[in-house]
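Visitor: have a look at this fold, sequence not included:
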């Protein structure tokens, strides 16, 4: 879900070529990009990697920008992180949620 959130956020940006700094508590997402794991996965055709569709969507969404990531520890009183968590939890408790068409059921 963290990667999906990054993709959705990048999709909202309207000015190509800008620097984008994404804060996330997902060490996996940060390391995949910042440590260049993703570059290796692309070269191997995402062999044995989970969610290649999401990683490909990330690459497409990130392409127009200069994206950097900043990892923050989750549930550590970071105001924006706490707010995002509260919103996600509240949304997950709503009745009759539509299925995310991009995710397996």
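Guide: Everything's here; your move. Worth saying up front: this structure is predicted, and the values here are computed from it rather than measured.
Visitor: list the contacts of stretch 32-39.
Guide: Stretch 32-39 has contacts (C-beta atoms under 8 Å, 6 or more residues apart in numbering) with 31, 41, 55, 58, 59, 67, 68, 69. In short, each C-beta sits where N, CA and C put it, glycine included.
Visitor: pull out the buried positions in stretch 1-9.
Guide: For stretch 1-9, the buried set under the neighbour-count rule, 16 or more other C-beta atoms under 10 Å, comprises 2, 3, 6, 7.
Visitor: any chance of those in CSV, with pLDDT and secondary structure too?
Guide: Converted to CSV, the buried residues of stretch 1-9 look like this (pLDDT from 0 to 100; DSSP: H, G, I helix; E, B strand; the rest coil):
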residue, pLDDT, secondary structure
2, 86, helix
3, 93, helix
6, 95, helix
7, 96, helix
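Visitor: state the pair within the contacts of stretch 32-39 that is farthest apart.
Guide: Farthest apart among those by C-beta to C-beta are 41 and 68. That separation is 18.9 Å.
Visitor: residue 45: neighbour count?
Guide: A count of neighbours around residue 45, defined by other C-beta atoms under 10 Å, yields 9.
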